[in-house]
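Engineer: got a sequence here, can you model it:
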Amino acid sequence: MSAPLPWQQQQWQKLLSSRARDSLPHALLVTGRSGLGKQRFAQQFAEVLLCSEQQAMPCGQCKGCRLIAAGTHPDLRIVAPIEDKRVISVDQIRELTHYLSLTALYGGYQVVLITPADLMNINAANSLLKTLEEPPARTLLMLVSDRPAALSATIRSRCQVIHFEKPPTIAALEWLKAQPPTISQQEASTLLELADGAPLKAVEMAGKGVIGLRAEMLDDLEKLAAGRCDPIEITKKWLKLGKKESLYCIYGWLVDMVRMKMAHQPPYITNTDVATRLHKMAVNIELSLLYKRLDQVNEALRLADNQSLNAELLLEGVLVGWTPRR
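Structural biologist: Numbers count the residues shown, from 1 in each chain. Here you go, the predicted model:
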């Protein structure tokens, strides 16, 4: 098992100290933006608690560690949306309540990860609240969430918060460059900007070849704005990357172009590697039209999670607005 990430050390030591004093809370709310390794952190701490060696990191050799590695430890339970479901149901929480009423089979902690906790429906959240109000002894529930505000104030008040901020840029870049696949300093900087400072999200983007895909998308958008390609063809191509990913790319470009149009001095922009190309496009677009396109993308992003809507038509509706007027 790898060590906690560099920006997680303070939180890790805090929990280890609480364990050493036998003063762990019964519930933790692990929060922070996506891409900071929250679930990884919670899983690691679960492994430490269930390791019989009781060290700062799991030994990897004891029976508890071997059971965790096999995914069969009876005192660890992970609650997440089932298959294609988009919520954690009340039945899942009721089953969890029954599980927690039983004694830990190995005599230590029973550990539960609920992730993403903000996907519990209202009935599930209410059911969990009863457990949080009267927690069984030697039980630790870890609720992992990018959106803690989506949880009720009552649930939040019964958890100790473990919050992660995005790491300093220099530290994040140093860590990012050490991860596979190997990338250059410029690529690392660009990916970290696109990931809004979240290193694990940047690693995921690097693995998907986002830098190259993004360059192709900007090529397509320039051709579309010049009337040299068809929005329907581009839509089919971009959907291979993903509708939300494509929309976020356009959103970022538009925000940077608005900044370029409005600033009296060089503005802060996210897409520094394509700044010249974005500036060239922005010169030929009225600010009011940029805002209109930004509104279209925002609306499309709002609708993007609705599975009943046709993804192709949603993205096509945004791209049609880039075709020159006849």
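Engineer: tell me where the stretch 1-150 of the chain has helices.
Structural biologist: Applying DSSP state H, counting those that start in this stretch to the stretch 1-150 of the chain gives helices spanning 9-20, 38-50, 63-70, 90-100, 122-133.
Engineer: in this structure, which residue is most central in space?
Structural biologist: The structure's the chain has its C-alpha centroid closest to S34; by Cα atoms, centre = their mean the separation is 2.6 Å.
Engineer: hang on, the earlier thing: can you put the helices of the stretch 1-150 of the chain in CSV and add distance to M217?
Structural biologist: C-beta coordinates here come from the backbone N, C-alpha and C atoms, glycine included. Converted to CSV, the helices of the stretch 1-150 of the chain look like this (distance: least, Cβ to Cβ, whole Å):
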stretch, distance to M217
helix 9-20, 37
helix 38-50, 30
helix 63-70, 40
helix 90-100, 39
helix 122-133, 39
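Engineer: out of these, nearest to A198?
Structural biologist: For those, proximity to A198 was assessed by Cβ to Cβ; helix 38-50 is nearest, at 10.5 Å.
Engineer: all helices for the stretch 201-326 of the chain, in order.
Structural biologist: Secondary structure of the stretch 201-326 of the chain (DSSP H, counting those that start in this stretch): helices located at 210-225, 231-238, 243-262, 275-283, 287-303, 311-320.
Engineer: which of those is buried the deepest?
Structural biologist: Among these, helix 243-262 has the highest mean neighbour count (mean count of other Cβ atoms under 10 Å), at a mean of 19.
Engineer: so who does the closest residue to R277 other than its chain neighbours touch?
Structural biologist: Spatially, and ignoring its direct neighbours in sequence, R277 is nearest to L218 (6.3 Å; Cβ to Cβ, 6 or more residues apart in numbering). Contact analysis of L218 by Cβ atoms under 8 Å, 6 or more residues apart in numbering lists 253, 274, 277.
Engineer: CA atoms only: put stretch 163-170 into CSV for me.
Structural biologist: Extracted as CSV, the C-alpha positions of stretch 163-170 are listed here (Å, rounded to 0.1, in the frame of the first residue of the first chain):
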residue,chain,number,x,y,z
HIS,A,163,-10.9,18.6,4.6
PHE,A,164,-8.3,18.7,1.8
GLU,A,165,-7.3,21.8,0.0
LYS,A,166,-5.6,21.7,-3.3
PRO,A,167,-1.8,21.5,-2.8
PRO,A,168,0.6,24.3,-3.6
THR,A,169,1.3,24.4,-7.4
ILE,A,170,5.1,23.6,-7.0
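Engineer: so how far is it from its chain's centroid?
Structural biologist: Averaging C-alpha positions (Cα atoms, centre = their mean, to the nearest Å) puts stretch 163-170 14 Å from its chain's average.
Engineer: quick one: mean pLDDT for it?
Structural biologist: Taken as a whole, stretch 163-170 has a mean pLDDT of 96.
Engineer: would you mark the buried spots in that stretch?
Structural biologist: Across stretch 163-170, burial judged by 16 or more other Cβ atoms under 10 Å covers 164, 166-167.
Engineer: now do stretch 78-90
Structural biologist: 78-80, 88-90.
Engineer: next, format the residues you listed as JSON lines and append pLDDT and distance to T270.
Structural biologist: Listed next are those as JSON lines, based on pLDDT from 0 to 100; distance: Cβ to Cβ, whole Å:
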{"residue": "I78", "pLDDT": "97", "distance to T270": "34"}
{"residue": "V79", "pLDDT": "98", "distance to T270": "35"}
{"residue": "A80", "pLDDT": "97", "distance to T270": "31"}
{"residue": "I88", "pLDDT": "97", "distance to T270": "33"}
{"residue": "S89", "pLDDT": "96", "distance to T270": "38"}
{"residue": "V90", "pLDDT": "97", "distance to T270": "41"}
